[in-house]
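> only geometry, no sequence info:
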């Protein structure tokens, strides 16, 4: 089974919006497949989108977090804190949510492990547990496997998994990325996105570290020592590109630089990628503009969204048919690669 993680250590690249639209489109295009969404971000924006968007998503998320057991990744991690190195008795399904029960726009074949701000509170404790020294126990791997332990009992129920990961490279992000086998890396046409690609390859794959000292403690080193596979780069999504394309072509030059960087990395480290040529792994995503704002306010996938004058937050805004079609086509282009 394929597990896709949407991640970039730079914020604001659109990973959550792309994860939301992609998993909904995939589920809609493949109604016989079961889709699982894992929200490993303390901001829990993916969960809010799936549970109703700006209008009701926060309220519904709080309702799920108020259940016993707490129906979220934070609730599951809370169960793991007293038993970090061997899974206690638990039912993964107790922590899952059916978004369709709260938001009829979401396909019925999607399940969700909600995000939770508790992750930030839990991070220090999880870090401490991961770095304990216990003879005969690889404590870091035992903790990194928490999400794997969660998935193992239910993995046969699902055909594909989507993970939305936090921009930071915190311990819960490492748990998310170690569980994935494919990485979708959104970037934008700015120089910080170019640096973010380089940072991502340093953080995940241990490339171009400033000193050999860091290699001993690197994420890749510790996974490889435990004979675990690293996620492979599956797609690099050049996101929101049209907002940068004006008469000045400086941003176009940045995009070309990003493409060159990817081509160079691919030539030097081909085993880190799921594609053989850079053009096979790059996809252009047009800026979603007003259509995106409305879709995310309503928690609505593009393919099912109304057009015309719509009420959002007490204001009427217009969604044009042509703009909606651009959004649907962009998401379908990405989903076709999955």
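Sure thing, it's come through. Just so we're clear, the structure is a prediction, and the values are computed from it rather than from any experiment.
> for residue 336, phi and psi?
phi -60, psi -20 (degrees, to the nearest 10).
> give me the neighbour count for it.
Residues lying near residue 336 (other Cβ atoms under 10 Å) number 11. Bear in mind the C-beta positions are built from the backbone N, C-alpha and C, glycine included.
> quick check: it vs residue 224, distance?
Using Cβ to Cβ, to the nearest Å, residue 336 is found at 32 Å from residue 224.
> same check on residue 118?
The gap separating residue 118 from residue 224 is 31 Å, by Cβ to Cβ.
> got it, and residue 23?
According to Cβ to Cβ, residue 23 stands 29 Å off from residue 224.
> okay, the residue nearest to residue 185 when sequence neighbours are not counted: pLDDT?
Leaving aside its chain neighbours, residue 185 sits nearest to residue 236 (4.9 Å; criterion: Cβ to Cβ, 6 or more residues apart in numbering). With respect to pLDDT, residue 236 scores 92.
> one more: residue 95?
The predicted local confidence for residue 95 is 98.
> quick one, strands of the stretch 201-338 of the chain?
Per DSSP state E, counting those that start in this stretch, the stretch 201-338 of the chain has strands spanning 232-239, 282-285, 308-312, 315-319. These are given in chain order.
> which residues touch the shortest one?
With Cβ atoms under 8 Å, 6 or more residues apart in numbering as the test, strand 282-285 has contacts from 14, 18, 186, 235-241, 259, 262, 330, 333-334, 337.
> please name the nearest non-neighbouring residue to residue 148.
residue 179 (5.5 Å).
> same thing with residue 84?
That would be residue 129: by Cβ to Cβ, 6+ apart, it lies 4.3 Å from residue 84.
> local confidence estimate at that neighbour?
On pLDDT, residue 129 comes in at 98.
> verify the stated contact: it with residue 143.
Yes - contact criterion Cβ atoms under 8 Å: residue 129 and residue 143 qualify, at 5.6 Å.
> between those two, which one's more packed in?
It is residue 143, of residue 129 and residue 143, that has more neighbours when counted by other Cβ under 10 Å, with 23 against 19.
> for the helix or strand where that one lies, name the packing helices and strands.
Assigned by DSSP states H and E, residue 143 falls within helix 139-144. Helix 139-144 sits against helix 118-130, helix 171-179, helix 219-225, with contacts defined as 3 or more Cβ pairs under 8 Å, 6 or more residues apart in numbering; DSSP states H and E.
> with distance to residue 302 as extra columns, can I get those helices in JSON lines?
Output for these, formatted as JSON lines (distance: least, Cβ to Cβ, whole Å):
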{"stretch": "helix 118-130", "distance to residue 302": "29"}
{"stretch": "helix 171-179", "distance to residue 302": "25"}
{"stretch": "helix 219-225", "distance to residue 302": "34"}
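> how about the ones you listed, which one is nearest residue 254?
Among these, helix 171-179 comes nearest to residue 254, with 25.5 Å by Cβ to Cβ.
> which other helices and strands does that closest one contact?
Applying 3+ Cβ pairs under 8 Å, 6+ apart, one finds that helix 171-179 contacts strand 2-6, strand 35-40, helix 118-130, helix 139-144, helix 146-151, strand 160-165, helix 219-225.
> which one of these lies nearest to residue 317?
Nearest to residue 317, of all the helices and strands packed on helix 171-179, is strand 160-165, at 25.8 Å by Cβ to Cβ.
> can you name the residues in contact with the closest one?
1-7, 15-16, 19-20, 22-23, 26, 33-41, 45-46, 115, 151, 173, 176-177, 179-180, 338.
> for stretch 82-92, same thing?
So stretch 82-92 is contacted by 76, 79-80, 126, 129-130, 134, 137, 139, 142-143, 146, 149-151, 153-154 (Cβ under 8 Å, 6+ apart).
> hang on, the earlier thing: got the helices and strands packed on helix 171-179 as a markdown table, with distance to residue 308 columns?
Listed next are the helices and strands packed on helix 171-179 as a markdown table, based on distance: least, Cβ to Cβ, whole Å:
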| stretch | distance to residue 308 |
| --- | --- |
| strand 2-6 | 31 |
| strand 35-40 | 29 |
| helix 118-130 | 39 |
| helix 139-144 | 48 |
| helix 146-151 | 42 |
| strand 160-165 | 30 |
| helix 219-225 | 48 |
